[in-house]
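Enquirer: Provided below for reference: sequence and predicted model.
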Amino acid sequence: MEPDGSLERSLSLAGFRLIAGVDEVGRGALAGPLYACAVILPIEMDVDGIKDSKALTPKARERISAEIRSHALAISMVRVLPGSIDRRGLQPSNMWALRQAIVRLAPSPDYVLSDGFRPRRLPMPALSIKKGDAVARTVAAASVLAKVARDAAMRRMARRYPGYGFERNVGYGTAEHLEALRRLGPSPVHRRSFAGVADPNQSSQEIAI
């Protein structure tokens, strides 16, 4: 299923000129930062193949990310480092990042669409949508941008902290990653408050590479 932009067009017809989509990537990872992205696209923009970032190949994500960046009216990217996630907790970190991504957009949006979680205390109306990256083109675009940025960061971390397979698992709790944790222990970029890091034999984290 690909979002066709009809939701954004309906909002535009209702008088909302600048419609932002926001999404986060890396929520369930055992290592690395959480990334949140907000993006405003031209209403008439058509991106071939845009969908939930996890449903795209890495090559397709790179192509679509470049196309989004060349046409977007505004993009805002926020990252939360593992230490901050450990101190604040995952959900507070997630909500903070989503809100910051939105309020840092310039120009400011008239309306915000989000995937699952509705950021609080926004100065504009917002709608949260279950599986929003399959329904709203702007949310799918935010998902792709965040995924590409975070994957690139995890490849850099793979060079700095070899042995965990970050270049393949991008921090998620794969069998390879959990075995590396048992052998090597956590690196400085692991989320030590997560069960799969504290005890690699008992990981409850969602694997969503």
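Expert: Done, it's in.
Enquirer: Pull the distance from stretch 129-145 to the chain's centre.
Expert: Taking Cα atoms, centre = their mean, to the nearest Å, one finds the center of stretch 129-145 at 10 Å from the center of the full chain.
Enquirer: And it, what's buried?
Expert: Using 16 or more other Cβ atoms under 10 Å as the test for burial, stretch 129-145 gives 129, 132-145. The C-beta positions use only the backbone N, C-alpha and C, and glycine is treated the same way.
Enquirer: Just those residues: which are in strands?
Expert: residue 129 (DSSP state E).
Enquirer: ok, so of the buried residues of stretch 129-145, who is nearest residue 28?
Expert: residue 143 (14.2 Å; Cβ to Cβ).
Enquirer: The closest one contacts residue 115, doesn't it?
Expert: Yes - between residue 143 and residue 115 there is a contact under Cβ atoms under 8 Å: 7.1 Å.
Enquirer: Look up the residues that both of those two are in contact with.
Expert: 23, 133 (Cβ atoms under 8 Å, 6 or more residues apart in numbering).
Enquirer: got the contact list for the residue sitting furthest away from the middle of the chain?
Expert: Distance from the C-alpha centroid of the chain, by Cα atoms, centre = their mean, peaks at residue 183 (29.4 Å). Residue 183 makes contact with residue 163 under the criterion Cβ under 8 Å, 6+ apart.
Enquirer: My reading is that it is in a helix; is that accurate?
Expert: Yes - the assignment for residue 183 by DSSP: H, G, I helix; E, B strand; the rest coil puts it in a helix.
Enquirer: Give me the pLDDT value at it.
Expert: Residue 183 is assigned a pLDDT of 96 by the prediction.
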